[in-house]
Every structure is written in structure tokens, then in C-alpha cells.
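Colleague: quick one, structure for this:
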Amino acid sequence: MNRQEEVELADKYIALFDEGKLTEKNDLIFALSLKWFRICTMYKIKVKTSSSTDGKEIHRVDRFKPNDAQRKRYIDGFTRDLILKARQLGFTTFEMVDALDDCIFNLHFAAGCIAHNFKSAKEIFRNKIRFAYENIPKAWIIIFDEIGLDFPKPTSDKNEGYVFSNGSSIHVGTGYRGDTLQRLHVSEFGKICAKSPEIAKEVITGAFEAVPLDGQLTIESTAEGNEGYFFDYCQDALKAQEQGLALTPLDFKLHFFPWFDESGYKLDPTGVIITHEWHKYFNKLEHELDIRISKSQRAWYVKKESKLQNDMKREYPSTPKEAFEQAIDGAYYARQMTNIRKNGRIRKVTYDPRLPVYTFWDLGRNDATSIWFMQYVHGEYRFIRYYENSGESMQFYLNKLREFEYVYATIYLPHDAEVTDYTQADNKTRKDIAADAGFDVKVVTRVPAKGEAIQAVRDILPLCLFDEENAARGIKCLDNFRKEWDDKRGAFKSTHRHDWASHGNDAFEQFARGFTEDLEEESFEPGA
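Modeller: Numbers count the residues shown, from 1 in each chain. Sure thing, here's the model as predicted:
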């Protein structure tokens, strides 16, 4: 029996149970053999109803009834599941009820959950696992006795997990290294990858390896930027899905749940102003996805976006691609990059052979050298390409410029271009090498404070166009250039994070400071 058949059969017994007609012992025993029946009848959860005047949430206790998204995820489940979704769909609640049920109905079953911080880990155990277990109706325990089953009881009850009398256990924490886990759920893995890459690596190499091929590994998160393990896993799974590839036990299956599939995300459209631009966005979605977005759904989205603004597409995505294009926590250019996308300034931008190309560099020795390629037209900066490599000489990069067969104007180098190139025996600087090769060179002076360079980039970005294909890596750098995260304080530091994204950003800073200074001083308009 597959899961679709199990759910359909269980639904019939759930209906009998609700009507008080599931009274025959044999029928009850069979119903209890159906996991979906148990999930939908045995467990209770806290359901948020409203917020009090002091901001505290008000809850009621209800029997757990999976929503449409949770039902679909259960039916379509695989051994390795990757859940990319809109907010507040309750997947962690579902996974914990599902895992708790495994522990109750199996001997020596080990389940685990990893959260993105200790506070969330404790809340997951207290509000989802312990609450569900402690609120199993006594009538069910009596039924167990009547049909000759021992109802498992906790022999160890700590703030992070249970150990049951049947030898099963369930624990919640921020990591795991130990014995085999039959089941592992990772909540908000995107946040872990974005803020704590080293912890994410530990989860991958430790906790994931504890789950055997026939075990259940589930990763669930909203999108948190276009880098890291979660992003990479989603991209691989999406490609496999689009190409119809057969999945191996080591592959992840992508489950995407957009905002418009949630029936509760609606609002009376009366009085809600939906602009032409918004209708254009919704109509485009309808055409591309072959869906229908009602007036009430549009009204809900528009009002929600007015509150969340830059975070809307991350928290309530329409497509997987859109989810990962959204603003990243701590990103310096979050607002600017969001507006660039809203205004369609990332698209096909072709090279115009009538105009010169300016290049802007960040030079690396042991790390990346990055180069932006730009053409200037009537006050608009068109970035037609971005190139990056590492471990190569200055001559290598100059040859690469020639390969693109552009007509070049000035190349803007950072202050360290006046340092000797370590690949040269004649002690020439990298500025000298570029000049000797026939390029017009300007060295941009070192910025007194990093904040000044960052602000210069913010100011100039609204006037920029980017080629979506040839400048894709550079766009990703600008998206991901962010503040350093402090794990101990749980907050962002005032300093920037030096990683792969900082190289593309530093090259762009040469443009934001060097080229614009030249425009002001020389009062010229190339391409005018």
C-alpha cells in the first residue's frame, strides 16, 4: 500500500471515528495500523487564535488536523526530503508529531530534530513534542490496554528530549553526533547555512551521516540567500525535478509550497489598491505557472508585502527562483537589489561595439581576482560581464580581457595594484604590467572607511543594469555581501563578512568610487 492509498483508506476510518462509529475492536486495531489515522486522531497541538493587548499570543488546544500542504508532503514523501516553503505552514509541527508517532509505535526507534538556535530547540520540544505527548487523550491509553498494547512512557524527560520505555527516543538540539538515527528533521536549515556556515558544515558531516540510506532525513526552511548547502541542495533537486531524473537514496526530493496554495492567505479586496504593476506581476505568474490568483489572494499579498517589504518573497515565495533572489539578513544592499529586480534591471544586456568598456578590479594573491565590465550610456551604467578566477598572474587576466574582444577604455585597479606582482622576476607592479600591455590604468585610492565605499555602492546601484547571464556571479556577490554574524550575541557585528562575496563587492567599489569621481572631475559623458 502506497501513501496515497493509505491516506485515502485512513480518511474513511477517521470519518467513522469522528462519527463515533469506530467501535469494533478489529476495526480499531486495523485503523491504528494506519499511520495517517493515528496522526489525525491521537495528537493535539496548540493553535494560535489571536494576540492579546500586551503582544502575547493566545492559543487553544485542538486535535491535530494536517493542512493541505502537510497532507501533500506526507503523500509525496521520499527518504530524503527538502521542503522550501512559505511561512506558517506548520511543517515542523507536522514532522514532530510524525516522529513522535514513530517513537510510540516502534521499538528502539531514534528520532532527532536540529533547530537553528538553542531557544528554538527548546521551544520545539516543549511546545510540539512534549505538548503532543502529554495531551494524548486518556481514552487512547485505555484503548491500548484493551487491545493488549503497552503504551510507552518516558523513562527520561529532559528539556531537549524523551527516552521511552520501549527503547525509543526523540531529541531536539542544534547538532548531533552519535549513534544511528532512523529519522532526522532539520528546521530552518537555510538560516543555519546563512548565519553559521561552520555549524552547517558540522550538521552535514555529523548529523546527516548518522541517518542510514533507509532512514528519513528532512530539511525544511524558508530561503535565506543564494549560497550555502541549502541553496545548493535546492538547486540540484530542482534540476533533477525539471529533468525528470530518477532519484537515488542519496538524492533530495524537492517539495515547494508557494504562498498561493495556502487557502488561508486571502483578504477582502474592498478598499485594497492593487496597482497596474502588481496586476502585471500576478498575471505573469498565472501565465507561467498555469494557475489562477483571485482578487482576494492578490489583496492579501499586496497588503502583506506593504508590511514585510524586502522580506516578502523570502517569507512568501511564488517560485523557488524568486525565493532565493530575495533579501538576505544582514545584506548591505538588500533594499537596492530588491528594487533593481522590481524595476527589471537584471536582464539581457548586450555589448555595444560602438562604446568602450571600462573594467573594475579586485586583485587577489591567495584568493579571488574579480573584474566587472561596464559600458556607460547617458547616465546609465550597463554591466555586461563579470569575471572571477584565482591563483593566476596579472598577465593571465589581461589576456582574458583580450579574449572577450571588447574595445577597452580605462581599467580601474585597487590601491594594492602598486604592489609588486609575485609572479614577476623584474619587480614590476601589477599597475606597471597593465600599462606596459597597452591599457590605460587608474589606481583608485584606498578608502578611509569601509562604510564610505559601501554607501557609494548603495548610491549608484539604482542607475545600474546587469546582464542576467554573463554577470550572474557578480550579482550573487552583491546579493550576499553582508555583515558578520556573532553567534554568541545572536546579532550582526558592525564589520563586514570577508568571504567569496566580498571580492565581487570590492571590485564594484572601484567603480562606485573611481569612475564616478572621474565623471565629476572631467565632466564628460562617454556614449552621449
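Colleague: for stretch 93-113, which residues meet the burial criterion?
Modeller: Neighbour counts using 16 or more other CB atoms under 10 Å place 93-106, 109-113 of stretch 93-113 among the buried residues. Where you see a C-beta, it was placed from the backbone N, CA and C, and this is true even at glycine.
Colleague: typo on my end, stretch 189-208
Modeller: For stretch 189-208, by 16+ other CB under 10 Å, it's 189-197, 199-200, 202-203, 207-208.
Colleague: quick check, nearest of those to residue 290?
Modeller: Residue 290 has its nearest neighbour among the buried residues of stretch 189-208 in residue 190, at 27.6 Å by CB to CB.
Colleague: show me what contacts the closest one?
Modeller: Neighbour list for residue 190: 221, 222, 223, 224, 225, 228, 230, 231 [criterion: CB atoms under 8 Å, 6 or more residues apart in numbering].
Colleague: now for these: which two are most distant?
Modeller: 222 and 228 (13.2 Å).
Colleague: excluding sequence neighbours, find me the nearest residue to the spatially most central residue of the chain.
Modeller: Geometric centre of the chain, nearest residue: residue 223, 1.9 Å, by CA atoms, centre = their mean. In this structure, residue 223 finds its nearest non-sequential neighbour in residue 323, 3.7 Å apart by CB to CB, 6 or more residues apart in numbering.
Colleague: check which helix or strand covers the one you found.
Modeller: Secondary structure from DSSP states H and E places residue 323 in helix 320-325.
Colleague: show residues contacting the helix or strand just after that helix.
Modeller: The helix or strand immediately downstream of helix 320-325 is helix 334-342, counting by DSSP H and E. Residues from elsewhere that reach helix 334-342 (CB under 8 Å, 6+ apart): 309-310, 325-328, 331, 346, 458, 461-462, 464, 466, 475, 478-479.
Colleague: now, of those, which are buried?
Modeller: Applying the neighbour count, that is 16+ other CB under 10 Å, the buried entries in the contacts of helix 334-342 are 310, 325-328, 331, 346, 461, 464, 466, 475, 478-479.
Colleague: quick one: list the elements packing against the helix holding residue 323.
Modeller: helix 228-243, helix 312-315 (3 or more CB pairs under 8 Å, 6 or more residues apart in numbering; DSSP states H and E).
Colleague: just the ones you listed: most buried one?
Modeller: helix 312-315 (a mean of 21; mean count of other CB atoms under 10 Å).
Colleague: what about that one, average pLDDT?
Modeller: When pLDDT is averaged along helix 312-315, the result is 84.
Colleague: returning to what we had before: closest one to residue 495 among the helices and strands packed on helix 320-325?
Modeller: Comparing the helices and strands packed on helix 320-325 by CB to CB, helix 228-243 comes nearest, at 20.1 Å.
Colleague: roughly how far is that closest one from the heart of the chain?
Modeller: Here helix 228-243 is found 12 Å from its chain centre; the criterion is CA atoms, centre = their mean, to the nearest Å.
Colleague: so the next helix or strand after that helix versus helix 228-243, what angle?
Modeller: Sequence-wise, the next helix or strand downstream of helix 228-243 (DSSP H and E) is strand 253-257. With axes from the mean of the first three to the mean of the last three CA atoms, to 10 degrees defining the directions, strand 253-257 sits at 90 degrees from helix 228-243.
Colleague: and strand 253-257, what's buried?
Modeller: Buried positions in strand 253-257, judged by neighbour count with 16+ other CB under 10 Å: 253, 254, 255, 256, 257.
Colleague: how near is the first one to residue 200?
Modeller: Translated: residue 253. Distance of residue 253 to residue 200, given as CB to CB, to the nearest Å: 20 Å.
Colleague: what stretches of this protein score poorly on pLDDT?
Modeller: Residue ranges of the chain with pLDDT under 70: 49-57, 326-327, 366, 421-426, 487-491, 520-528.
Colleague: the same query, at a cut-off of 50, please.
Modeller: Scanning the chain for pLDDT under 50 picks out 52, 527-528.
Colleague: and it, what are its domains?
Modeller: Split into domains by automatic domain parsing, the chain comes to 66-257, 264-314, 346-522.
Colleague: would you mind giving the ones you listed as CSV with distance to residue 29 added?
Modeller: Formatted as CSV, these follow (distance: least, CB to CB, whole Å):
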stretch, distance to residue 29
domain 66-257, 5
domain 264-314, 36
domain 346-522, 49
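Colleague: of the ones you listed, which approaches residue 22 most closely?
Modeller: The closest of the domains of the chain to residue 22 is domain 66-257. By CB to CB, the value is 10.2 Å.
Colleague: just give me how far the closest one sits from the chain centre.
Modeller: 18 Å.
Colleague: now the terminal residues of it, how far apart.
Modeller: Domain 66-257 has an end-to-end distance of 15 Å (CA to CA, to the nearest Å).
Colleague: change the start of the numbering to 46 and stick with it
Modeller: Fine by me, first position is 46 from now on; the one you just mentioned is domain 111-302.
Colleague: got the CA positions of the helix holding residue 368 in CSV?
Modeller: Taking Å, rounded to 0.1, in the frame of the first residue of the first chain, the C-alpha atoms of helix 365-370 are listed here in CSV:
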residue,chain,number,x,y,z
PRO,A,365,11.8,28.6,-6.0
LYS,A,366,13.9,31.0,-8.0
GLU,A,367,12.1,34.0,-6.6
ALA,A,368,12.6,32.7,-3.0
PHE,A,369,16.4,32.7,-3.4
GLU,A,370,16.5,36.1,-5.1
